[in-house]
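Asks: A structural model of the following input is requested.
(chains A, B, C, D, E and F)
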There are 6 protein chains.
Amino acid sequence: MTANSDFPDALLRTLRDLGAATLHEAQGQTGAIDPAIRPLDPSFRLAGPAFTVDCRPSDNLVLHLALTKAKRGDVLVVDAKAFVAAGPWGDVMTLAAQVAGIAGLVIDGSVRDSQSIIDMGFPVFSRGICIVGTNKNQPGTIGAPVSVGGVRVEAGDVVVGDRDGVVVIPRARAIEVAKLGREREAKEDALRDQIRAGRTTLDVLGLGDSMRRLGMQ
Amino acid sequence: MTANSDFPDALLRTLRDLGAATLHEAQGQTGAIDPAIRPLDPSFRLAGPAFTVDCRPSDNLVLHLALTKAKRGDVLVVDAKAFVAAGPWGDVMTLAAQVAGIAGLVIDGSVRDSQSIIDMGFPVFSRGICIVGTNKNQPGTIGAPVSVGGVRVEAGDVVVGDRDGVVVIPRARAIEVAKLGREREAKEDALRDQIRAGRTTLDVLGLGDSMRRLGMQ
Amino acid sequence: MTANSDFPDALLRTLRDLGAATLHEAQGQTGAIDPAIRPLDPSFRLAGPAFTVDCRPSDNLVLHLALTKAKRGDVLVVDAKAFVAAGPWGDVMTLAAQVAGIAGLVIDGSVRDSQSIIDMGFPVFSRGICIVGTNKNQPGTIGAPVSVGGVRVEAGDVVVGDRDGVVVIPRARAIEVAKLGREREAKEDALRDQIRAGRTTLDVLGLGDSMRRLGMQ
Amino acid sequence: MTANSDFPDALLRTLRDLGAATLHEAQGQTGAIDPAIRPLDPSFRLAGPAFTVDCRPSDNLVLHLALTKAKRGDVLVVDAKAFVAAGPWGDVMTLAAQVAGIAGLVIDGSVRDSQSIIDMGFPVFSRGICIVGTNKNQPGTIGAPVSVGGVRVEAGDVVVGDRDGVVVIPRARAIEVAKLGREREAKEDALRDQIRAGRTTLDVLGLGDSMRRLGMQ
Amino acid sequence: MTANSDFPDALLRTLRDLGAATLHEAQGQTGAIDPAIRPLDPSFRLAGPAFTVDCRPSDNLVLHLALTKAKRGDVLVVDAKAFVAAGPWGDVMTLAAQVAGIAGLVIDGSVRDSQSIIDMGFPVFSRGICIVGTNKNQPGTIGAPVSVGGVRVEAGDVVVGDRDGVVVIPRARAIEVAKLGREREAKEDALRDQIRAGRTTLDVLGLGDSMRRLGMQ
Amino acid sequence: MTANSDFPDALLRTLRDLGAATLHEAQGQTGAIDPAIRPLDPSFRLAGPAFTVDCRPSDNLVLHLALTKAKRGDVLVVDAKAFVAAGPWGDVMTLAAQVAGIAGLVIDGSVRDSQSIIDMGFPVFSRGICIVGTNKNQPGTIGAPVSVGGVRVEAGDVVVGDRDGVVVIPRARAIEVAKLGREREAKEDALRDQIRAGRTTLDVLGLGDSMRRLGMQ
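Replies: Numbers count the residues shown, from 1 in each chain, chains lettered A, B, ... in the order given. Model prediction:
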């Protein structure tokens, strides 16, 4: 994980380790990006503040601008209009991102050079993989709110991704959500102990009333 | 493989080893579940009698009931209405399933905590992966026939899954289908010997008449 | 890689190593097969001349004919009408293909016996995996132009596939495209050196004019 | 509506007029065919006993057999494997169906000659429309249970379709479901009167308890 | 169009007549809802302030609450999680909406009773049509921001829909966007006059420079 | 139908009247464009030589060039990369096309202003409808072979579209295919007479042998 000036490393590490599913639940079942946006490699884990990019499908000019503006530890979060028939990101840009200390990429679109990117260990979450390259003719914006996989992301929101998917945590709630996530994990650990001791989840979660109300035996 | 009171271990092991594709062919090309329902991990292999569950999308109350009713060795077969934007099953339920000796899960829907489930070695076949959790408010049924991935499954039907997909074998045909599968495998082994000896599949399979009738050279 | 009489081994090896994304770009952003057609195993790499096959969905009679006509080193390129609910190719045909020295398979359809095929090391690129077998009743053609994943492929065109996808190179352009691909790679290597030395891609690629014209800072 | 020997005309007319949505609810929210299977023309309405057909994608031989075996008033219910890239049914077969007194067609696949079929007033419900014709080489079955749009249909089950979609009613329940449907309609008429009189649905449906339990104001 | 207390009728009428495509362009190419959300009947036109609703798939309890809280002229804008396999809205609710003076419905989900709704003339824009009804067990929220068809909608934003699709205009920009839309329309009228007079769009839009820069003749 | 210098009006009228499905069959079941590309209005019928256009998704610069180069009676056939989230064609361009005598548009992408286009009576066949406009920054080509809906189209090939879909006829085969289509229609008329006279299609089409070979009764 690359150091970032906006959030302490320890906080980002905690969020990354808690994982997307736990954090999504912890912050009240919000911020889940479309699960069709998946890690290139299932072992990828990612946490960092969003550097937002809006680009046209089939053009990556603005991504080159983003590479010069993002800070160390930022995660590029790119609305490429869910267009999967071209890959505006490849291995050369991955190298540039790593040199700039960028932490990873979440893109609502495709990438190419997938094996090289995996070999370089740069965590990419994308909707697809496609060998088709793009042009460099279209305008785009950086730093403005974007919609990625159905979720509105603002610059500085924290993005956490793993094998399960990607969640977006509003910047102002990052510390609180980490705390809620740890509490949830502790609660689940207690649950696990009770389950191992032979109790049912019906019992431990107190689901009897709901079962009776709905006439389930 | 967990011992099950309805089928001998040896039978289930045979079915699992024959695999979904061979069994599907052996029983007359029936019982194939929609191939979009896939193993979380490609190494997963599964065989056991179905414990059927019908649940509403975005609610998992009835799954907690199922965890208390399924027998050792059962496979939970869940119609979650092909809704992939929420994962009604996660790692805590996986633990409860393992404690109860449940053999695996086939769900027409999504799951979350995919890495933990893989690490726990619990074979899950699902339509998707999604970090979104669910509620516990809706009714559901257990033990009744369900439709999963386009196939009607009755309680006690045998479910066999592997990297290729999932097949459903009617309870009453399990022994016969295992026998047919072994015969098919033996026949294919003979075919392989002939192919290795240099004969063509056209020749070995006797496809000459069809070729001539259709005017193919 | 299997020796082929139409193209020198060294040329095919070069094309395979350059990879689908680089070759697609090198030949002017053409020939990209629908990225939904993917390798069964991400490590598969493939390069060879196309042996084209047109078959009906849910029937594989003509594939058995193709197995007897394709030359060593050929890649079977099969239009199975994008039908993914049946797998006209399995492990016995894979064995026959290997005995015949066929280099691999690209199919706009599904295959079955995926684990065995991977274990046998036969590179297959398909739209899906499905346990459903097929019949042997329908006509089909070999050697004529086919449309696979949206790309027209003629017999003898070179097909190159890897984790990123599959590209089709017109037969007459194979040597030229290999050369263009190597030049492109050399150019990208130079780019990488400049990036490692601290220059931005905006600068190295000379994107300033475009940025100014579009009013991007 | 064509007379049918298995069900009185009046019953079929009642079912058709109640419509698919009401009947689905009346029989306990079961039997809904995948809503992607839609009427060629939104004005089509259909009710009749199923004559089931299982055919291979891209082949219509068995449909010609079905045309000779179905009884007056029957609805052809065809599992064409959800393959939409060929239309095994066109205007000539429509004429043959009308001559035979067949009431309509529900097909999990495509049809062609859509304008002619609409002009002929033959109610067709299909997954798609496609100009691609088919062959006549493959086997198929008639009269056995089929899976159409995710629902198992047995010969003689009653199929009701309209602009909303298609529902399948088990043969033995047809009279009961018609009665339940009429009761439901009467209840809804009463509801409508209360709504027109100014009462809210919250009030009329007695949803106050659920609202309070869930903390909704 | 029903009178609404938040926006003058004349403004809403202007927005409705300008139409979704013009308004989308006028406000800077933002606010376009996923085009898969379409009018039940192509003649439907709709403009009004959003009354936002967040509901679980397969449950419509909160919609009954919304019917009692929305104001005359409001448009219900419902995030039903893109679940199309159940229709939480039907003709009885349509009647209740009309009695309450609600202007229309935009739902990221399905509806049922489509013919009745069309006959009642209540403009509905939905992702699908489905006969499957829902339960009334789940919580939901009203008045909070929702995500519908990939667009964030806040209560009071103006929603405009027609055959082309649906656009969302931020509440504070409604007057400005109406003005921009009218200007755009005037400009297009002038364009049309020039085109009718024989000038090309290349010429009228001044695209010569771009053509030359890109080497297009 | 607009007069065209390359094909006699009578030929184009014949092709249009024969319709896409008949012509597809007549020319040997080839040339069917993906059925997801459909007429904006079901009454649209179209026949004319293709004027091919290749454009980037989300950019319509080259379409303005095409409007100045296409001849009277041409059909614009546009590969817009199957991108449906933007509509590069609207009512102003429709006017320009009509002034130029262009016969219609087939686009593998979306259009906007659908109601106006229908009102203007300009036959458009598209993959989608979308209010999102495009830019005018990207290069494109005219007159070169394109791939539209999975079919390769060369300039001058004849395109025929109706409610059933779109078929492409190679330029050199237009007269022959018209003749084959008329013969096919005559043959179908004879078939219809026999069917009306009470013969079955099994009998008239001589399907008895196939039925017996496959063991169908």
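Asks: quick check: nearest residue in space to A:Val146, chain neighbours excluded?
Replies: A:Asp79 (4.1 Å; CB to CB, 6 or more residues apart in numbering or on different chains). Quick note: C-beta positions are derived from backbone N, CA and C, even for glycine.
Asks: likewise for A:Glu154?
Replies: The spatially closest residue to A:Glu154, leaving aside those adjacent along the chain, is A:Pro145, at 4.8 Å (CB to CB, 6+ apart).
Asks: tell me the contacts of the one you found?
Replies: Shown in contact with A:Pro145 (CB atoms under 8 Å, 6 or more residues apart in numbering or on different chains): A:Thr52, A:Arg152, A:Val153, A:Glu154, A:Ala155.
Asks: next one, pLDDT for it please.
Replies: pLDDT recorded at A:Pro145 is 96.
Asks: can you check A:Ala26 too?
Replies: A:Ala26 carries a pLDDT value of 97.
Asks: among the contacts of A:Pro145, which ones are in strands?
Replies: A:Thr52, A:Arg152, A:Val153 (DSSP state E).
Asks: does chain B sit close to the longest helix anywhere in chain A?
Replies: Scanning chain A for the helix with the most residues, using DSSP state H, yields helix A:174-196. Yes: judged by CB under 8 Å from any CB of the partner chain, helix A:174-196 and chain B are in contact via A:Glu188, A:Leu191, A:Arg192, A:Ile195, A:Arg196.
Asks: which pair of the residues you listed spans the longest distance?
Replies: A:Glu188 and A:Arg196 (12.5 Å; CB to CB).
Asks: who's more crowded, the two?
Replies: A:Glu188 (17 against 12; other CB atoms under 10 Å in any protein chain shown).
Asks: so who does that one touch?
Replies: B:Asp91, B:Val92.
Asks: could you redo the last one with a cut-off of 7 Å?
Replies: B:Val92 (CB atoms under 7 Å, 6 or more residues apart in numbering or on different chains).
Asks: test for you: state the pLDDT assigned to it.
Replies: So A:Glu188 comes in at 96 (pLDDT).
Asks: and it, how far is that from F:Gly19?
Replies: For A:Glu188, the distance to F:Gly19 equals 63 Å [CB to CB, to the nearest Å].
Asks: can you tell me if the lowest-mean-pLDDT helix or strand in chain A touches chain B.
Replies: One helix or strand of chain A scores below all others by mean pLDDT, DSSP states H and E: helix A:208-213, with a mean of 92. Yes: using CB under 7 Å from any CB of the partner chain, helix A:208-213 reaches chain B at A:Ser210, A:Met211.
Asks: got it, and stretch A:161-170?
Replies: Yes: judged by CB under 7 Å from any CB, stretch A:161-170 comes into contact with chain B through A:Asp162, A:Arg163, A:Asp164, A:Gly165, A:Val167.
Asks: show residues contacting that stretch.
Replies: Under the criterion CB under 7 Å, 6+ apart, residues A:19-21, A:23-24, A:27, A:31-33, A:35, A:37, A:39, A:42, A:45-46, A:106, A:123, A:125, A:151, A:153, A:157-160, A:177, B:112-115, B:129-131 lie in contact with stretch A:161-170.
Asks: if you set the cut-off to 6 Å instead, what comes out?
Replies: A:19-21, A:23-24, A:31-33, A:35, A:42, A:45-46, A:106, A:125, A:151, A:153, A:157-160, A:177, B:112, B:114-115, B:129, B:131 (CB atoms under 6 Å, 6 or more residues apart in numbering or on different chains).
Asks: which among those end up buried?
Replies: A:19-21, A:23-24, A:31-33, A:35, A:45-46, A:106, A:125, A:151, A:153, A:157-160, A:177, B:112, B:114-115, B:129, B:131 (16 or more other CB atoms under 10 Å in any protein chain shown).
Asks: any idea how far A:Val184 is from chain F?
Replies: One correction, residue A:184 is Arg, not Val. 36 Å (CB to the nearest CB, to the nearest Å).
Asks: what's around the closest residue to that residue other than its chain neighbours, how many residues?
Replies: Once flanking residues are discounted, A:Arg184 sits nearest to A:Ala26: 5.0 Å by CB to CB, 6+ apart. Neighbourhood size, A:Ala26 [other CB under 10 Å]: 23.
Asks: flag every buried residue along the least confident helix or strand of chain A.
Replies: Buried residues in helix A:208-213 (16+ other CB under 10 Å): A:Ser210, A:Met211.
Asks: now what about that helix, what contacts it?
Replies: B:Leu61, B:Lys136.
Asks: near chain C, which residues of chain A?
Replies: A:61, A:64-65, A:67-68, A:92, A:95-96, A:99, A:112-115, A:128-133, A:139 (CB under 6 Å from any CB of the partner chain).
Asks: which residues in chain A form strands?
Replies: Using DSSP E, strands in chain A cover A:38-39, A:46-55, A:75-83, A:104-111, A:124-129, A:140-142, A:146-148, A:151-153, A:158-162, A:165-169.
Asks: what's the mean pLDDT across the fifth one?
Replies: If you average the pLDDT over strand A:124-129, you get 98.
Asks: what's it in contact with?
Replies: So strand A:124-129 is contacted by A:36-37, A:39-40, A:84, A:105-111, A:114, A:117, A:161, A:166, C:35, C:164 (CB under 6 Å, 6+ apart).
Asks: next one: the fourth one
Replies: Contacts of strand A:104-111 from elsewhere in the structure, counted by CB under 6 Å, 6+ apart, are A:46, A:75-80, A:82-84, A:87, A:89, A:123-130, A:148-149, A:159, A:166.
Asks: strand partners (parallel or antiparallel) of that strand?
Replies: Sheet pairing of strand A:104-111 (DSSP bridges) gives strand A:75-83 (parallel), strand A:124-129 (parallel).
Asks: ok, back up a step: just the CA trace of the longest helix of chain A, in PDB.
Replies: Coordinates of each C-alpha in helix A:174-196 appear next as PDB, following Å, rounded to 0.1, in the frame of the first residue of the first chain:
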ATOM      1  CA  ALA A 174     -14.100   6.700   6.600                       C
ATOM      2  CA  ILE A 175     -13.000   6.600  10.300                       C
ATOM      3  CA  GLU A 176     -16.500   5.900  11.500                       C
ATOM      4  CA  VAL A 177     -17.100   3.100   9.000                       C
ATOM      5  CA  ALA A 178     -13.800   1.500   9.900                       C
ATOM      6  CA  LYS A 179     -14.900   1.500  13.600                       C
ATOM      7  CA  LEU A 180     -18.300   0.100  12.600                       C
ATOM      8  CA  GLY A 181     -16.600  -2.500  10.500                       C
ATOM      9  CA  ARG A 182     -14.400  -3.600  13.300                       C
ATOM     10  CA  GLU A 183     -17.400  -3.800  15.600                       C
ATOM     11  CA  ARG A 184     -19.300  -5.900  13.100                       C
ATOM     12  CA  GLU A 185     -16.300  -8.200  12.700                       C
ATOM     13  CA  ALA A 186     -16.100  -8.600  16.500                       C
ATOM     14  CA  LYS A 187     -19.800  -9.400  16.600                       C
ATOM     15  CA  GLU A 188     -19.400 -11.900  13.800                       C
ATOM     16  CA  ASP A 189     -16.500 -13.500  15.700                       C
ATOM     17  CA  ALA A 190     -18.700 -13.900  18.700                       C
ATOM     18  CA  LEU A 191     -21.400 -15.400  16.500                       C
ATOM     19  CA  ARG A 192     -18.900 -17.900  15.100                       C
ATOM     20  CA  ASP A 193     -17.900 -19.000  18.600                       C
ATOM     21  CA  GLN A 194     -21.600 -19.600  19.400                       C
ATOM     22  CA  ILE A 195     -22.100 -21.500  16.100                       C
ATOM     23  CA  ARG A 196     -19.000 -23.700  16.800                       C
END
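Asks: buried stuff in that helix?
Replies: The neighbour-count criterion (16+ other CB under 10 Å) identifies A:Ala174, A:Val177, A:Ala178, A:Leu180, A:Gly181, A:Arg184, A:Glu188, A:Leu191, A:Arg192, A:Ile195 as the buried residues of helix A:174-196.
Asks: pick the one among those residues closest to A:Ala10.
Replies: A:Ala178 (9.4 Å).
Asks: once you drop chain neighbours, what's closest to that closest one?
Replies: Once chain neighbours are set aside, the closest to A:Ala178 by CB to CB, 6+ apart is A:Thr14, at 5.0 Å.
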